[in-house]
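[1] Return a 3D structure for these sequence lines:
(chains A, B, C and D)
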There are 2 protein chains.
Amino acid sequence: MTRNFKANASTALYQAVKEHIRQQVQSGAWKVGDRVTSEHELVAELGVSRMTAHRALRELAAEGLLQRIPGVGTFVAGGKAESSLLQVTSIAEEIRSRGHRHQSEVLLQTGETASPEIASLLGLRSGEWVFHLVCLHLEDGVPIQLEDRYVHPAAAPGFLQQTFGAVQPGEYLLNSVPLDEVEHVVEASCASAETAARLGLKPGDPCLVLTRRTWRGADVVTYVRCTHPGNRYRLGTRFKPGGSPGVG
Amino acid sequence: MTRNFKANASTALYQAVKEHIRQQVQSGAWKVGDRVTSEHELVAELGVSRMTAHRALRELAAEGLLQRIPGVGTFVAGGKAESSLLQVTSIAEEIRSRGHRHQSEVLLQTGETASPEIASLLGLRSGEWVFHLVCLHLEDGVPIQLEDRYVHPAAAPGFLQQTFGAVQPGEYLLNSVPLDEVEHVVEASCASAETAARLGLKPGDPCLVLTRRTWRGADVVTYVRCTHPGNRYRLGTRFKPGGSPGVG
DNA sequence: TGCTCATACCTGTCTATACAAGTTCGAATT
DNA sequence: AATTCGAACTTGTATAGACAGGTATGAGCA
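    Predicted structure coming up:
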């Protein structure tokens, strides 16, 4: 079998196959849940051996981009995009996993023109349209997170039409948009009067603020600022280096 | 070649080889920097094919446990143990990587009997001996971290004799003890009077507190509580899912 | 109509072989 | 003595072939 695929030397062949698959996903040709070219098909199409195709697919699965099911096939995985400390899953899932009751209250859900700061963070021009959602999350009836989210309108056109009851905003975006870059910032700050009122704190009480931006290609999908009461919330992980993290 | 190694079925052979290597490292038989059994030696000793041995070593290297150098050999890697959000490297390295000047001031360096709380956290009996270090770190002359560290005496016997100037406590432990489990907790709190005085804050100002415990096997190596001024410090990462993280 | 079984397909692993490219080290040559 | 060259090692990649175990589907039978 001659190498009719990727005549480019100096790069490993299995790397080229990985890149080939990655581009199909990132370009949007393959969406979340779509079936991916099987190993035998890659052998036929690219002229590589099955072991080479297998390694490419296996490593992409280990990286979280794909999901492989023996006997069935390989599929584009949902954007898990978990960091070891922070998971890009909704707070609802986290609360339920602790065995507690989650409630959420949508305080604001509109489209608005972007302020210069928000425009800059989302890669928009100032004054462009942007989706804005403010949501208060309660754990067993106690406020635990104030979520202030901006969404790039091109990334999730149906965002405003969603009613966020069972499905949370984070979950909705995760299930429809495959992320390929995430930025987290954690800081401690004081509660403003408004924040304190919503979280049931006194103004000036310490808060843990988690800011997250996610990318799809070069475009920012969402910018979200989650404020937690400092005395009721901590963020943690225990993990084996190289292994899978858990959330504490 | 018959499989005279790991007759245990139901487990993949390369997994068994990985576990075999891992145990050598975790048991302490192989220390940081030591040479690891080469692929050909594994073929001879375990009766597996070179590709199987290669896969085991390659994956362990990808997990950070080993370091492979083409043409030279495979070695036990230093305890990088980096999380995507938090690296178990010293604050000194982080400050210098920002191009700033780092100074540290040892406020306390003793052996003492463990309080019940500390004993519990380190897996000691109450009243047992424990190393205790308190250190203030400055970035360009400004206090940026108050480090309060307890070290299991069995894990690092020479800890008290160290003078922490060029080599920081974290670096010292990393270079001598290979970690295999890490726990992080991040929380926001108010500065106590003493903490405020040392960090140059007002009592009640918000602080970002990072608590970390590291394990070697079943034993806790160190418990450290790092308190940062909330207005001068943030913790962040930007990374591609599956890729290598950077520190922000 | 409903059930069973054969077949085709998919992933997962393991082996044996081959070549490439790097290093280390010692012996032979200059 | 200094240098060069080659043999012996190392890891990295790629291939072909084989088997195992899972799933999905459709044909044939009850």
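
[2] Outline the domain layout of chain A.
    Here the domain assignment for chain A is A:13-76, A:91-247, based on automatic domain parsing.

[3] Give me the distance from the first one to the chain's centre.
    Distance, stretch centre to chain centre, for domain A:13-76: 21 Å (CA atoms, centre = their mean, to the nearest Å).

[4] I'd assumed A:A155 was in contact with A:W215.
    No: under the criterion of CB atoms under 8 Å, A:W215 lies out of contact with A:A155, with a separation of 9.5 Å. C-beta here means a position set from N, CA and C on the backbone, and glycine is covered the same way.

[5] about what we covered before: which stretch in the domains of chain A has the least confidence?
    Out of those, the stretch the model trusts least by mean pLDDT is domain A:91-247, with a mean of 81.

[6] How about the residues of chain A by DNA strand D?
    On the criterion CB under 7 Å from any atom of the strand, DNA strand D has as its neighbours in chain A the residues A:1, A:3, A:12-15, A:47-52, A:69-72.

[7] Out of the residues you listed, give me the one that has the most neighbours.
    The most neighbours of any of those, using other CB atoms under 10 Å in any protein chain shown, belong to A:V48, which has 24 neighbours.

[8] Quick check: which element contains that residue?
    When secondary structure is defined using DSSP states H and E, no element contains A:V48, which sits outside every helix and strand.

[9] Run a quick neighbour tally on A:A77.
    Using other CB under 10 Å as the criterion, the residues surrounding A:A77 number 21.

[10] how much space between the closest residue to it other than its chain neighbours and A:G73?
    When the adjacent residues along the chain are set aside, A:A77 lies closest to A:Q67, with 4.3 Å between them (CB to CB, 6 or more residues apart in numbering or on different chains). For A:Q67, the distance to A:G73 equals 10 Å [CB to CB, to the nearest Å].

[11] Who has more neighbours out of those two?
    Here A:Q67 and A:G73 are set side by side on neighbour count (other CB under 10 Å), and the busier one is A:Q67, at 18 against 13.

[12] what's next to the strand or helix carrying the more buried one, contact-wise?
    When elements are assigned from DSSP H and E, A:Q67 belongs to strand A:66-69. Contacting residues not belonging to strand A:66-69 are listed as A:I21, A:V36, A:L57, A:R58, A:L60, A:A61, A:T74, A:F75, A:V76, A:A77 [CB atoms under 8 Å, 6 or more residues apart in numbering or on different chains].

[13] Just these: which are in strands?
    A:V36, A:T74, A:F75, A:V76 (DSSP state E).

[14] Identify the farthest-apart pair in those.
    Farthest apart among the ones in strands among the contacts of strand A:66-69 by CB to CB are A:T74 and A:V76. That separation is 8.5 Å.

[15] overlap in contacts of these two?
    Both A:T74 and A:V76 are contacted by A:V36, A:L66, A:Q67, under the criterion CB under 8 Å, 6+ apart.

[16] Contacts only, for the first one.
    It stands for A:V36. Listed by CB under 8 Å, 6+ apart, the contact set of A:V36 reads A:I21, A:Q24, A:W30, A:L57, A:L66, A:G73, A:T74, A:F75, A:V76.

[17] May I see those arranged in JSON lines, with distance to DNA strand C as well?
    Supplementary listing: those in JSON lines, determined by distance: CB to the nearest atom of the strand, whole Å:
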{"residue": "A:I21", "distance to DNA strand C": "11"}
{"residue": "A:Q24", "distance to DNA strand C": "14"}
{"residue": "A:W30", "distance to DNA strand C": "13"}
{"residue": "A:L57", "distance to DNA strand C": "6"}
{"residue": "A:L66", "distance to DNA strand C": "9"}
{"residue": "A:G73", "distance to DNA strand C": "4"}
{"residue": "A:T74", "distance to DNA strand C": "4"}
{"residue": "A:F75", "distance to DNA strand C": "9"}
{"residue": "A:V76", "distance to DNA strand C": "12"}
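
[18] And those residues, which of them are buried?
    If you count burial by 16 or more other CB atoms under 10 Å in any protein chain shown, the buried members of the contacts of A:V36 come out as A:I21, A:W30, A:L57, A:L66, A:T74, A:F75, A:V76.

[19] so which of the residues you listed would you say is closest to DNA strand D?
    Within the set of the buried ones among the contacts of A:V36, A:F75 lies nearest DNA strand D; the separation is 11.6 Å, counting by CB to the nearest atom of the strand.

[20] Identify the residue nearest the closest one in space, chain neighbours excluded?
    Ranked by CB to CB, 6+ apart and with sequence neighbours excluded, the top spatial neighbour of A:F75 is A:Q67, at 5.1 Å.

[21] Compute the distance between the closest residue to A:G123 other than its chain neighbours and B:Y150, please.
    In this structure, A:G123 finds its nearest non-sequential neighbour in A:V220, 4.9 Å apart by CB to CB, 6+ apart. When distance is defined by CB to CB, A:V220 is 42 Å away from B:Y150.

[22] So between those two, which is more surrounded?
    Counting neighbours by other CB under 10 Å for A:V220 and for B:Y150 shows that B:Y150 has the greater number, 23 against 20.

[23] to the chain's geometric centre, what's the distance from the host helix or strand of the more buried one?
    Secondary structure here is read from DSSP H and E; on that basis B:Y150 sits in strand B:142-151. From the chain centre to the centre of strand B:142-151 is a distance of 16 Å (CA atoms, centre = their mean).

[24] got the contact list for it?
    Residues from elsewhere that reach strand B:142-151, judged by CB under 8 Å, 6+ apart: B:91, B:95, B:114, B:118, B:121-122, B:130-138, B:159, B:169, B:173, B:195, B:198-200, B:221-229, B:232-233.

[25] Restricted to helices, list those.
    The members of those that map onto helices under DSSP state H are B:I91, B:I95, B:I118, B:L121, B:L122, B:P169, B:L173, B:T195, B:R198, B:L199.

[26] Rebuild those as JSON lines, extending it with distance to A:T110 and neighbour count.
    JSON lines is the format used below for the ones in helices among the contacts of strand B:142-151 (distance: CB to CB, whole Å; neighbours: other CB atoms under 10 Å in any protein chain shown):
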{"residue": "B:I91", "distance to A:T110": "42", "neighbour count": "21"}
{"residue": "B:I95", "distance to A:T110": "42", "neighbour count": "20"}
{"residue": "B:I118", "distance to A:T110": "51", "neighbour count": "17"}
{"residue": "B:L121", "distance to A:T110": "47", "neighbour count": "17"}
{"residue": "B:L122", "distance to A:T110": "52", "neighbour count": "22"}
{"residue": "B:P169", "distance to A:T110": "51", "neighbour count": "24"}
{"residue": "B:L173", "distance to A:T110": "51", "neighbour count": "24"}
{"residue": "B:T195", "distance to A:T110": "42", "neighbour count": "19"}
{"residue": "B:R198", "distance to A:T110": "46", "neighbour count": "17"}
{"residue": "B:L199", "distance to A:T110": "41", "neighbour count": "22"}
